[in-house]
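Q: Need coordinates for the following:
(chains A and B)
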Amino acid sequence: MSDDAPPATDASTDDHPPLEAVRYADGSLGYPGHPYGPDGQEPVGTVDLRDRTATVVTWTTSTSTPPGVRAPNHLAIVEFDVEGEPVRALGQLTSDDVAIGDEVRPVYAEELREPGAGIREPASQSWDGYRFDPV
Amino acid sequence: MTDVAIVGASMTDFGKREGEWIRDLLAEAGENCLDDAGVAPHELDHLYVSNMASGEFEGQAGVPNMLAHDLAAIPAYTQRVDQTSSSGGSGVYAAWQSVASGASDMTLLVGGEKMTHRTTAEATDVIASLTHPVEYKHGVTLPSFAGMTARLYLDQYDAPRESLAKVAVKNHKNGVDNPHAQFRKEIDVETALESPVVADPLRLYDFCPITDGSAALLFCSVEEAEERGEPYVRVAGIGGATDTHVVHERADPTTMGGVVESSEQAYAMADRGPEDVDVAEVHDMFTILEFLQCEGLGFFEQGEAWKAVEEGVTDRDGELPINTSGGLKSKGHPLGASGVAQVYELVMQLRGEAGARQVDCEVGLACNVGGFGNCVTTTVLEAER
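A: Predicted coordinates:
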């Protein structure tokens, strides 16, 4: 799969699924959600991160990619600040023109990698999601 | 709880074993291990096989039963142990448990993987399939986790890029004297720094190769080992732990929580601390992992392991030799075999049979990591000779 995957679009479009973090009873946030949080309790709410910006914690450009993945593949761990509560996410970058500490925003992509090209059963998970674009 | 000894050890040559498959590799290591101990197959109560993905790589399932038949060990109880790259260490844990609990008097552990018939992209994908769906769909690989963590480590601790290259140089140098290693060739820092980028800032020589191979260990009680009258190694302490499945959920990606937790368990059981360890084998699937584990194991303060490498502390003739086998970096990394082969190296060291690689040691430690620190086992071994 080359870098000409389906185009990313602006995250604020309501048609796109949320970039959904969960809130646990102790007030902490998590992405992705798990059945139980760090406190052993079920999530008590959700937070949509689509319209927020995040800070790059670290990033890489992967040149040796698996079947169905664009090459090179720019990736980052980013951190959102939701009213003082941090929550991190990992995702593809739209560009390698970033540095630790830079601000990025989510942009929707219909297909992040080609379903079925790799070992995982295509029907077992979703393949769309959000890339991070330098602000 | 029964005190547990390791009385036999073997490993096959690691590398590209053309024409040989998982069945051949496991049988070779298993037979050689039994020969090393002078134990007959029918004496085995339990037989464990550490293997991550023979089904995915080769279309071969049911490997423990297959090996029991090939070794003539039937009716020994068999079990497969899969904990991704730490399948070997988890197999050590399972084999130790079987004897310590009294469930088995004699347990053979064989770890192995056949990988090189697959392309690098295919093998990378099999390994990456351990990731969470939100990671997998972005095309994340284990090397890309290493690249992101290395960038953060270098930035956070003001470490020079050359320090990572020096890990590769050290482990390649050690591998020259290991007759079973995949690469027996020294490299220099410049070669490492000029090799192709794989996951920026890491380059080709920061990564272990794709490997075929197998290794085996034989476990029994210390009482039985004493009666045999041969040098043996005592399992003084062992621990196992997990960290988050989703790597980005860790508060500090440069801290390996599973290493910290499992080593605390192993040290407590052995009534030892990091200062007692004379030689260690750590899971250098990527050069950055050697830093993270050495710090998590308590050998060096957080953010200081790179200085120890720069100063030669972890060289074979240093104060704390790390990866005298050549590590995964030079010896190779057949997933299910690696944790078993780490202990094989320590058994050779503690029995005084490591040849040109021999260091002065009484206590050894092995740390085997699955995923990017997702599951970890730590084992403390003591010489009895």
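
Q: What parts of chain A come near chain B?
A: A:30-32, A:57-70, A:73, A:75-77, A:88-92, A:96, A:100, A:112-113, A:118-120, A:124-129 (C-beta under 8 Å from any C-beta of the partner chain). Heads up, the C-betas are built off the backbone N, CA and C, glycines and all.

Q: Those, buried ones only, as a ChimeraX selection?
A: For the buried members of these, the matching ChimeraX selection, counting by 16 or more other C-beta atoms under 10 Å in any protein chain shown, is:
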select /A:30,31,32,57,58,59,60,61,62,63,64,65,66,67,68,69,70,73,75,76,77,88,89,90,91,92,112,113,118,119,120,127,129
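
Q: On the strand side of things, show who the residue nearest to A:V57 when sequence neighbours are not counted bridges to.
A: The shortest distance from A:V57 to any non-neighbouring residue, by C-beta to C-beta, 6 or more residues apart in numbering or on different chains, is to A:I77 (4.5 Å). Taking DSSP bridges as the rule, A:I77 bridges to A:T58, A:L90.

Q: any idea how far B:D317 is from A:I77?
A: 38 Å (C-beta to C-beta, to the nearest Å).

Q: Low-confidence ranges, chain A, go.
A: Within chain A, the ranges that satisfy pLDDT under 70 run A:1-14.

Q: what sits against the most centrally placed residue in it?
A: Centroid-nearest residue in chain A: A:G91, 4.0 Å away (criterion: C-alpha atoms, centre = their mean). The contact partners of A:G91, taken as C-beta atoms under 8 Å, 6 or more residues apart in numbering or on different chains, are A:75-76, A:78, A:106, A:129-132, B:138.

Q: can you give me the strands for the stretch 151-300 of chain B?
A: Ranges of strands in the stretch 151-300 of chain B, per DSSP state E, counting those that start in this stretch, are B:197-199, B:202-203, B:213-221, B:232-242, B:279-282.

Q: What helices and strands are in contact with the last one?
A: This points to strand B:279-282. helix B:287-296, helix B:335-350, strand B:363-370 (3 or more C-beta pairs under 8 Å, 6 or more residues apart in numbering or on different chains; DSSP states H and E).

Q: what's the neighbour count on whichever residue of the stretch 201-350 of chain B sits closest to chain A?
A: The nearest approach of the stretch 201-350 of chain B to chain A comes at B:H248, 4.3 Å away (C-beta to the nearest C-beta). When neighbours are defined as other C-beta atoms under 10 Å in any protein chain shown, B:H248 has 25 of them.

Q: Just the pLDDT for it.
A: pLDDT for B:H248: 97.

Q: mind saving the C-alpha coords of stretch B:285-301 as CSV?
A: Provided in CSV are the C-alpha atoms of stretch B:285-301 (Å, rounded to 0.1, in the frame of the first residue of the first chain):
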residue,chain,number,x,y,z
MET,B,285,15.5,-7.4,20.4
PHE,B,286,16.3,-3.7,19.8
THR,B,287,19.3,-1.9,21.3
ILE,B,288,17.1,0.5,23.3
LEU,B,289,15.6,-2.5,25.1
GLU,B,290,19.0,-3.2,26.7
PHE,B,291,19.0,0.2,28.3
LEU,B,292,15.4,0.0,29.5
GLN,B,293,15.9,-3.5,31.0
CYS,B,294,19.2,-2.8,32.7
GLU,B,295,17.5,0.2,34.4
GLY,B,296,14.3,-1.8,35.2
LEU,B,297,16.4,-4.6,36.7
GLY,B,298,18.1,-2.1,39.0
PHE,B,299,21.6,-2.5,37.5
PHE,B,300,21.7,1.3,36.8
GLU,B,301,19.6,4.3,37.7
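
Q: And it, what's buried?
A: B:285-300.

Q: quick one on the thing from earlier: please list all residues in contact with the residue nearest to A:V57.
A: By C-beta under 8 Å, 6+ apart, the residues touching A:I77 are A:56-59, A:88-90, B:148, B:248, B:253.

Q: switch to 7 Å and redo it
A: Counting by C-beta atoms under 7 Å, 6 or more residues apart in numbering or on different chains, A:I77 makes contact with A:57-58, A:88, A:90, B:148, B:248, B:253.

Q: again with B:E18
A: If you count contacts by C-beta under 7 Å, 6+ apart, B:E18 has none.

Q: quick one on the thing from earlier: separation between the residue nearest to the centre of chain A and A:T46?
A: For A:G91, the distance to A:T46 equals 18 Å [C-beta to C-beta].

Q: Leaving out the residues flanking it, which one is nearest to the residue nearest the centre of chain B?
A: In chain B, the residue lying closest to the centroid (C-alpha atoms, centre = their mean) is B:G339, at 2.9 Å. Spatial nearest neighbour of B:G339, excluding adjacent residues (C-beta to C-beta, 6+ apart): B:G88 at 2.4 Å.

Q: Surely B:T244 and B:R250 touch.
A: Yes: applying C-beta atoms under 7 Å, one finds B:T244 in contact with B:R250, separated by 5.6 Å.

Q: near chain A, which residues of the stretch 101-250 of chain B?
A: B:120-122, B:124-126, B:128-129, B:132-141, B:143-144, B:147-148, B:151-152, B:155, B:197-200, B:246, B:248-249 (C-beta under 7 Å from any C-beta of the partner chain).

Q: ChimeraX command to pick out the buried ones of those?
A: ChimeraX command restricting those to the buried ones, with burial defined by 16+ other C-beta under 10 Å:
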select /B:121,122,124,125,126,128,129,132,134,135,136,137,138,139,140,141,143,144,147,148,151,152,197,198,199,200,246,248,249
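
Q: re the thing from before, just the ones of the residues of chain A next to chain B in strands?
A: Under the assignment DSSP state E, these contribute A:30, A:57-62, A:73, A:75-77, A:88-92, A:129 to strands.

Q: Which strand or helix spans the nearest residue to B:Q79 once chain neighbours are set aside?
A: Spatial nearest neighbour of B:Q79, excluding adjacent residues (C-beta to C-beta, 6+ apart): B:Y48 at 5.4 Å. Using DSSP states H and E, B:Y48 falls within strand B:46-50.

Q: in that strand, what's buried?
A: The neighbour-count check on strand B:46-50 (16+ other C-beta under 10 Å) flags B:46-50 as buried.

Q: hang on, the earlier thing: mind pulling up the pLDDT for the residue nearest to the centre of chain B?
A: Among the per-residue scores, B:G339 holds a pLDDT of 98.

Q: Would you mind confirming that it is in contact with B:Y93?
A: No: counting by C-beta under 7 Å, B:Y93 is not a contact partner of B:G339; they are 9.2 Å apart.

Q: Mutual contacts of these two, please.
A: B:T377.

Q: before we move on, the earlier item: would a markdown table of the helices and strands packed on strand B:279-282 with distance to B:Q60 be doable?
A: As requested, the helices and strands packed on strand B:279-282 are exported to a markdown table (distance: least, C-beta to C-beta, whole Å):
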| stretch | distance to B:Q60 |
| --- | --- |
| helix B:287-296 | 29 |
| helix B:335-350 | 12 |
| strand B:363-370 | 21 |
